[in-house]
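Q: Kindly generate the corresponding structure for this input.
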Amino acid sequence: MSARVDQVVTSGAFELDGGSWEVDNNVWLVGDDTEVLVIDAPHDASAIRAAIGDRTVVAIVLTHGHNDHINAARELGADVWFPPEDRMLWDAVHAAPPDHDLLDGTEFTVAGTTLRAIHTPGHSPGSTCLYAEDLGALFSGDTLFNGGPGATGRSYSSFPTIIDSIRDKLLTLPPETVVHTGHGDDTRIGDEAPHLDEWIARGH
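A: Got it, this is the predicted structure:
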């Protein structure tokens with residue numbers, strides 16, 4: 001039996017550049033009844049722990065450094081993998097460093113399923129997606145949403161860079177790939193790919 005994907009939604013504040021916004025975040029748990037990998041750890045460690053239950057946590061993988069994806073990570077008691085290009089964002093939230101660097105090509109195995117890290121800068125310098133080929137699933141963080149790219153109007157972000165990442169690294173995946181996003185509803189690669197030129201024309 002292959003791994004299953006569970007979703008937890010937590011709520012709290014996203015803070016950057018002196019602003020604060022109330023947001024709902026998706027936390028994705030990939031695993032089986034024995035072990036689990038946690039993708040992003042925002043706001044409410046107790047809700048994430050409840051979803052984990054008595055399973056062994058293989059890793060906590062953080063897609064990027066914005067506080068609304070990382071602020072509960074240290075409370076979960078397992079090793080944290082984090083993209084080094086976003087270290088300045090991590091250091092604004094946590095005093096101790098992350099346990100491991102999350103690099104392009106890093107692979108994790110949980111419940112017989114392999115997830116591969118794909119570095120997709122733009123929303124932030126270190127933004128990273130996780131691709132589980134045998135599940136037909138991409139965990140996109142804030143790089144790709146239902147309706148377009150993640151926001152790039154704040155510090156450390158770049159619209160041309162996120163477009164390059166999406167075009168060259170994500171839209172090349174099979175069109176039926178389900179995209180599990182950092183906020184909001186799922187989508188599919190094939191549903192987003194036809195809109196690339198619209199996003200470029202929109203410019204944000």
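
Q: is it true that A92 touches N67?
A: Yes: contact criterion C-beta atoms under 8 Å: A92 and N67 qualify, at 7.2 Å. Every residue, glycine included, has its C-beta placed from N, CA and C.

Q: Can you check which residues contact both of those two?
A: Where contact means C-beta atoms under 8 Å, 6 or more residues apart in numbering, no residue is in contact with each of A92 and N67.

Q: Comparing those two, which residue is more hemmed in?
A: More crowded of A92 and N67, by other C-beta atoms under 10 Å: N67, with 19 against 13.

Q: surely the more buried one meets W90?
A: No: applying C-beta under 8 Å, one finds N67 not in contact with W90, separated by 9.3 Å.

Q: a helix runs through A50, doesn't it?
A: Yes: counting by DSSP: H, G, I helix; E, B strand; the rest coil, A50 is located in a helix.

Q: contacting residues for the residue nearest the centre of the chain?
A: Geometric centre of the chain, nearest residue: G141, 2.7 Å, by C-alpha atoms, centre = their mean. Neighbour list for G141: 40, 63-64, 69, 120, 123, 127-129, 150, 181-182 [criterion: C-beta under 8 Å, 6+ apart].
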